[in-house]
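S.K.: Next come a sequence and a model predicted from it.
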Amino acid sequence: MPRTNGMSLAIPAPVHPGAAAGARARAYRQWQQGQAHARREHWPAAAQAFERATDINDDPAYGLAAAHALIKAGRAAQAVQRAQQLRKRHPAERLGYTLEARALLELGRTEEALQCLRALPEGVSVDLPYLTAMATALQATARHAEAVPVFLQALSFNLADPVLHFYLGVSFKDLGMKAEAAECMRTAVTLGLGNSELAARGLLLFMEREACRWAEAESEMQQLRAKLRALPPQQPAETSAFSHAVLVDDPIEQLKVARHHALHVASKVQVLPRVRARNHGGRLRLGYLSADFHNHATSQLLVQVLEAHDRERFEVFALSSGRDDGTALRRRVVAAAEHFVELRGCSHPQIAQRVRELRIDILVDLKGGTQDTLLPVLAARPAPLQVSWLGFPGSMGAPYIDYLIGDPVVTPLEHAAHYSEKIAQLPGCYQPNDSRRERARPSTRADWGAPDDALLLCAFHQSYKISPEVFDVWCGLLREREDALLWLLQWNTNVEQALRAAAAARGVDPQRLLFAPLLPLADHLSRLAHADIYLDAWPCNAHTTAGEALWVGVPVVTLIGKTFAQRVAASLLHAVRLDELVCSDIDGYKNMVLALAAAPSRRAALKEHLVQQQAGALFDGAGFARDLESLLQRMWAQALGGAPEHMAAQARP
């Protein structure tokens, strides 16, 4: 992502010593040497010279130059120390606060960065670099409501800074203000983001889809696809692989976009000396790498697998670069891992080095190209065997990832050309589920604001999954069934107004759309159990939510497609022996929903079947762990003998 021009700092020059000799002149000569190194971007040498000048003379310009050069040289910890020393001696020197905060942000010490900036004495004026650092620190600590006015104040210094507009959009996005976020992103793209333009355009497209502004999204989609098609095949380019994975139904195009981004990431990374798989005779050291070991869908799905791993054969590491949200799920994940390794605040090179120091045999990336991606860690090749699983619905296009874990439905071997990784198939659904999760507690429809006599067609999707084509079909179903309501989630501040207007334009009373607020998981499951039918979306299916619907006894009707993201619900339904609900075309999808709508007894039978399936393969976390371990051991055996190969599913003995 782009770096803001507000961080381009003007470091003041020291007072010229004139004709004076002695210490002042020696310090000035050291500063001149540092300046010469800095002009050539020889930052370690520049930092060394500036540090010598600082040791000789107390002019704050020397300390500022030293702290700045230390940051540029990748020595943020030393920069913090230098800036702190400077602030003690010169408490009104504003740039010292900015530099210390920048260094702390580089180290991931976001709360300390914020405290540093807030310590600026009252009466000292602020400038663009200070405000940019403050807004960045507020954003990094998830204080988005506070960050927005600071970004706006920074823009008053330079309204034409595209990257300030970009990050203002990020805060609007996380506040649920998707339309406002899209406008900021559009301004940033118009002003010019250089090498980050394609990634920003992908994010702009995603935000427009989140806001359900479909005309704008379609325009952005066409522009983005045209620019991506023009890229030479082997050109590194910062792209938004996730937007393509979930919004485009062409797997070959998805792979091209992912490859460009993987090459871009690799071009910025120093690869560690290669280590080969070796038969060391001990337990396999298995590292799960993620920023989502908190109350997140990944942890909800994974936690029972972590608990069930065979400690006789595997030594399990949870490598966590994300926040501690203090939830029960976080505590459960920490307890489940044999080693919970806290990496929050570490840079990608530091994480890669830590993986190497831990001698991880198999590194399983649970993030892919999603927010807080850890792809640069994998690009450094810290482990002999590197695997992508669960977090990203598609190929990462990266030659430094050996395998993608899927199953015969989401990743059939005949789709191998869609992936840069070798396909490794689990015998059942690739998605684990937690049999210890809460069951839906008894409640009534009235508890959730839903009428008893309505046919509830539930579509609790994130709003970006709702395309105009999908919504056309759903509105057609409402026109066919006058007793039906469409039950949707109120994901953001824009979605309700946009979808009610879209329904009216399609001849449907907007009041037949019932919007449900986001709830804690237990309440969400209790509410979801009252749905009659779950309507899947395409080209990105429900993932975790589809599993939740099946868990509480709600049948899911899906439309299978060519991409990983449009085959997930089919895999889940196959696992619960309901392939009959997997449709191959839109007419089949509509007819299936209408057939179920007209047959309450059939829906009741499906619900009873799903209740029985709670003890079946899809929700057998311990059994899933055995299947996963078998597959990982097959991968390791292959790595000992040669290059990765596709691995077809093998049934559990």
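M.R.: Looks like it came in fine. Numbering: from 1, shown residues only.
S.K.: Could you say which helix or strand holds Val150?
M.R.: Using DSSP states H and E, Val150 maps to helix 144-155.
S.K.: helices and strands around that helix, which ones?
M.R.: Under the contact criterion of 3 or more Cβ pairs under 8 Å, 6 or more residues apart in numbering; DSSP states H and E, helix 144-155 touches helix 128-140, helix 162-174. Just so you know, the C-beta spots here come from the backbone N, C-alpha and C atoms, and that holds for glycine as well.
S.K.: In TSV, list those along with mean pLDDT.
M.R.: Listed next are those as TSV, based on pLDDT from 0 to 100:
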stretch	mean pLDDT
helix 128-140	97
helix 162-174	97
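S.K.: of all those helices, which lies closest to Ala308?
M.R.: helix 162-174 (34.1 Å; Cβ to Cβ).
S.K.: Just the CA coordinates for stretch 469-489, please, in CSV.
M.R.: Written as CSV, here are the backbone C-alpha positions of stretch 469-489 (Å, rounded to 0.1, in the frame of the first residue of the first chain):
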residue,chain,number,x,y,z
GLU,A,469,-27.5,-10.2,-11.0
VAL,A,470,-27.9,-12.0,-7.7
PHE,A,471,-30.3,-9.4,-6.4
ASP,A,472,-32.3,-9.7,-9.6
VAL,A,473,-32.9,-13.4,-8.9
TRP,A,474,-33.7,-12.8,-5.3
CYS,A,475,-36.3,-10.1,-6.2
GLY,A,476,-37.7,-12.5,-8.8
LEU,A,477,-38.3,-15.0,-6.0
LEU,A,478,-40.0,-12.4,-3.9
ARG,A,479,-42.3,-11.6,-6.8
GLU,A,480,-43.1,-15.3,-7.2
ARG,A,481,-43.8,-15.8,-3.4
GLU,A,482,-45.9,-13.0,-1.9
ASP,A,483,-45.5,-14.5,1.5
ALA,A,484,-41.7,-14.3,1.4
LEU,A,485,-39.4,-11.8,3.0
LEU,A,486,-35.7,-11.3,2.2
TRP,A,487,-33.6,-11.4,5.4
LEU,A,488,-30.3,-9.5,5.1
LEU,A,489,-27.5,-8.3,7.3
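S.K.: who touches the lowest-mean-pLDDT helix or strand in the chain?
M.R.: Ranked by mean pLDDT, DSSP states H and E, the helix or strand of the chain with the weakest confidence is helix 23-39, at a mean of 94. The contact list for helix 23-39 (Cβ atoms under 8 Å, 6 or more residues apart in numbering) reads 13-14, 16-17, 43, 45-50, 52-54, 56-57, 59, 61-62, 65-66, 69, 72.
S.K.: Could you check the angle the helix holding Val150 makes with helix 162-174?
M.R.: Put simply, helix 144-155 runs at 160 degrees to helix 162-174, going by axes from the mean of the first three to the mean of the last three Cα atoms, to 10 degrees.
S.K.: I'd like the helices and strands packed on helix 144-155 laid out as a markdown table, including mean neighbour count and distance to Ser463.
M.R.: Shown next, in a markdown table, are the helices and strands packed on helix 144-155 (neighbours: other Cβ atoms under 10 Å; distance: least, Cβ to Cβ, whole Å):
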| stretch | mean neighbour count | distance to Ser463 |
| --- | --- | --- |
| helix 128-140 | 24 | 22 |
| helix 162-174 | 23 | 12 |
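S.K.: Leu198 - how many residues pack around it?
M.R.: 22 (other Cβ atoms under 10 Å).
S.K.: on that earlier part again, for the helices and strands packed on helix 144-155, which one sits closest to Arg259?
M.R.: Nearest to Arg259 among the helices and strands packed on helix 144-155 is helix 162-174; the distance by Cβ to Cβ comes to 24.4 Å.
S.K.: how about the helix or strand just after the closest one: buried residues?
M.R.: As assigned by DSSP H and E, the chain's next helix or strand after helix 162-174 is helix 178-191. For helix 178-191, burial by neighbour count (16 or more other Cβ atoms under 10 Å) applies to Lys178, Ala179, Glu180, Ala181, Ala182, Glu183, Cys184, Met185, Arg186, Thr187, Ala188, Val189.
S.K.: In a markdown table, list those along with pLDDT.
M.R.: Shown next, in a markdown table, are the buried residues of helix 178-191 (pLDDT from 0 to 100):
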| residue | pLDDT |
| --- | --- |
| Lys178 | 96 |
| Ala179 | 96 |
| Glu180 | 97 |
| Ala181 | 98 |
| Ala182 | 98 |
| Glu183 | 98 |
| Cys184 | 98 |
| Met185 | 97 |
| Arg186 | 98 |
| Thr187 | 98 |
| Ala188 | 97 |
| Val189 | 97 |
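S.K.: from those, which is closest to Gly616?
M.R.: Distances from Gly616 to those, taken by Cβ to Cβ, are shortest for Lys178, at 38.0 Å.
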